[in-house]
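Enquirer: Build the 3D model from these lines:
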Amino acid sequence: MACRISELVIDAADAERLAAFWCEVLGYVELGREDDGSIEIGPPVAGFGGPQPTLVLSPSTDPRRGKLPLHLDVSPTDRDQDAELERLLALGAKPVDIGQTGAETWHVLSDPEGNEFCLLRARIAPA
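Expert: Prediction:
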């Protein structure tokens with residue numbers, strides 16, 4: 001038997017802001033809140049346990065120690081990469097320079113708290 005990723009937990013200085021950002025990026029909705037201020041977001045129909053993992057934005061005041069060892073890759077579902085890049089920038093994503101050559105087929109961005117993610121070129125079907 002195998003496992004599958006059911007949720008990703010991300011420490012956040014401002015869980016509300018990060019949850020709102022990622023809901024807009026991914027088309028997710030708020031699924032629940034915990035007493036500690038954590039906010040779980042996920043696909044509107046499937047929710048937890050569906051084919052896509054949920055995200056849990058967990059409030060933290062711990063100082064960040066450099067670059068996260070994990071980042072998310074996202075792909076556009078209903079528009080081309082250029083249009084999706086414009087949308088993500090309008091939502092508050094910022095371009096990040098990690099030494100790209102300019103020949104890459106992806107864009108490196110960061111969310112409002114500086115967590116890096118990549119926008120891939122390949123368009124995929126919505127889940």
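Enquirer: secondary structure class for Ile5?
Expert: Assigned with DSSP: H, G, I helix; E, B strand; the rest coil, Ile5 falls in the coil class.
Enquirer: cool, and Asp82?
Expert: helix.
Enquirer: Okay, helices next: where are they in the protein?
Expert: For the chain, the helices defined by DSSP state H occupy 15-26, 81-91.
Enquirer: Okay, angle between the last one and helix 15-26 too, please.
Expert: Right, the one you point to is helix 81-91. 160 degrees (axes from the mean of the first three to the mean of the last three CA atoms, to 10 degrees).
Enquirer: which secondary structure elements does helix 81-91 contact?
Expert: On a contact count with 3 or more CB pairs under 8 Å, 6 or more residues apart in numbering; DSSP states H and E, helix 81-91 meets helix 15-26, strand 107-110, strand 116-119. In this view, the C-beta of every residue, glycine as well, is placed from N, C-alpha and C.
Enquirer: so where's this protein shaky on pLDDT?
Expert: 1 (pLDDT under 70).
Enquirer: Now do the contacts for Leu119.
Expert: Listed by CB atoms under 8 Å, 6 or more residues apart in numbering, the contact partners of Leu119 are Asp73, Val74, Ser75, Pro76, Gln81, Glu84, Leu85, Leu88, Trp106, His107, Leu109.
Enquirer: Oh, that last question was meant for Ile41, not what I typed.
Expert: Ile41 neighbours (CB under 8 Å, 6+ apart): Ala19, Trp22, Cys23, Leu26, Tyr28, Val29, Glu30, Leu31, Thr54, Leu55, Val56, Leu57.
Enquirer: and if we set it to 7 Å?
Expert: Listed by CB atoms under 7 Å, 6 or more residues apart in numbering, the contact partners of Ile41 are Ala19, Trp22, Cys23, Tyr28, Val29, Glu30, Leu31, Thr54, Leu55.
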